[in-house]
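A.B. asks: need coordinates for the below:
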Amino acid sequence: MTDCQHDAASANGCSPLGMLDLLATLAPNEGSTQSRLDSVKFVRANRSIARTPIMYEPSIVFICQGRKRAYVGERVYTYDPNQYLVLSVPLPLECETQASEDAPMFAVCVRVDIDVLVDLLELLDTRYGRPSAAPTSIFATALSDEMSDAVTRLLKSLCSAVDAEVLGPSIVREICYRVLTGEQGNVLRAALVRRSDFGQIAHALRRIHVNFSSNLSVGMLADEAHMSVAGFHAKFKAVTATSPLQYLKTTRLQKARLLMLHNGIGAAAASAEVGYESPSQFSRDFKRLFGRTPIKEVEHANSHAALLPSESTSVYVTS
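C.D. replies: Numbering: from 1, shown residues only. Down below sits the predicted model:
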């Protein structure tokens, strides 16, 4: 019997293990908890959280209890136990959480491995053909019985180091497969067609996340995407709901926040680390995004465990 099974069985007798039983053990504390798989983490909130700026990496997010709303530009996406959220590119958004001490919000976040998706796409092309839908960077879709079963099996596998190593990756692959063949899989498959404009923007986003502290320009990114500056700007905003320069600024500010929280460095050092030349401009931009000065934001995050981001090995800046 695994540790998770033993703890849940002690609490619930011989009742079947559900997602909440597993998550209560896998994510016992508020905030982010890294699982035994690098690509999977858990998030728990014991109270509601007002709209907060965050940066999501390409991922699939399952809410097992509670509710979250994501705001991207003028679009609003609700995800709860009945539907999950899919992001095909790293997106800055605002997110609010509904939760309470009696009914904590539990989320399972599965990082999307683009190589796995492309590999699956090649297999699916022979069956489904090339996608005809317009690609989208984010969508919420209904949770099917098959997907619910896969997520439950993933959680069970993460209770054991051996099961996580042997079974976990194949279940994550299955989850990606079920997204691609699910209700809105056609739009995700369209997003993965590498020759499309969407694919060029996705490449530019990765470039920003890897080189955010360097002197990137819109012209440079447009040239790499083989687009005019005007065309690149329009297509970039269609994917991210923001401009290239604003996206770069948000990425830098989110990274600076992570540096202050994880590394304990001050605002001036963080601003220089992420590419700002003016500490005063950094402070103004930071307060405009987060609603607080850097010092106040660090104090606020440290006093609210659910707002503390976990360390990440992702190539993307995520919070």
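A.B. asks: only C-alpha atoms from now on, for both contacts and neighbour counts.
C.D. replies: OK.
A.B. asks: just the helices in this protein please.
C.D. replies: Assigned by DSSP state H, the chain shows helices spanning 3-12, 19-26, 114-128, 145-157, 161-166, 168-180, 185-191, 197-210, 218-224, 229-240, 244-263, 267-273, 279-290, 294-303.
A.B. asks: would you single out the least confident of those helices?
C.D. replies: Per-stretch mean pLDDT for those is lowest at helix 3-12 (a mean of 43).
A.B. asks: quick one on the thing from earlier: rebuild the helices of the chain as TSV, extending it with distance to residue 49 and mean neighbour count.
C.D. replies: TSV is the format used below for the helices of the chain (distance: least, Cα to Cα, whole Å; neighbours: other Cα atoms under 10 Å):
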stretch	distance to residue 49	mean neighbour count
helix 3-12	28	15
helix 19-26	20	19
helix 114-128	31	14
helix 145-157	25	18
helix 161-166	31	15
helix 168-180	28	20
helix 185-191	29	23
helix 197-210	26	20
helix 218-224	35	17
helix 229-240	24	18
helix 244-263	18	21
helix 267-273	25	19
helix 279-290	14	16
helix 294-303	12	15
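A.B. asks: switch those over to TSV; also include distance to residue 98.
C.D. replies: Shown next, in TSV, are these (distance: least, Cα to Cα, whole Å):
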stretch	distance to residue 98
helix 3-12	25
helix 19-26	16
helix 114-128	30
helix 145-157	21
helix 161-166	30
helix 168-180	25
helix 185-191	27
helix 197-210	30
helix 218-224	38
helix 229-240	25
helix 244-263	23
helix 267-273	31
helix 279-290	20
helix 294-303	18
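A.B. asks: the ones you listed: which one's closest to residue 309?
C.D. replies: Shortest separation from residue 309 across the helices of the chain is recorded for helix 244-263, at 7.4 Å, computed as Cα to Cα.
A.B. asks: pull the CA atoms of that closest one into CSV?
C.D. replies: The C-alpha coordinates for helix 244-263 follow below in CSV (Å, rounded to 0.1, in the frame of the first residue of the first chain):
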residue,chain,number,x,y,z
PRO,A,244,5.0,42.3,-27.8
LEU,A,245,6.6,45.1,-25.7
GLN,A,246,3.9,44.8,-23.0
TYR,A,247,4.4,41.0,-23.0
LEU,A,248,8.2,41.5,-22.6
LYS,A,249,7.7,43.9,-19.8
THR,A,250,5.3,41.6,-18.0
THR,A,251,7.7,38.7,-18.3
ARG,A,252,10.5,40.8,-16.8
LEU,A,253,8.3,42.0,-13.9
GLN,A,254,7.1,38.4,-13.1
LYS,A,255,10.7,37.2,-13.2
ALA,A,256,11.8,40.0,-10.9
ARG,A,257,9.0,39.1,-8.5
LEU,A,258,10.2,35.5,-8.5
LEU,A,259,13.8,36.6,-7.8
MET,A,260,12.7,38.7,-4.8
LEU,A,261,10.6,35.9,-3.4
HIS,A,262,13.0,33.0,-4.0
ASN,A,263,16.4,34.7,-3.8
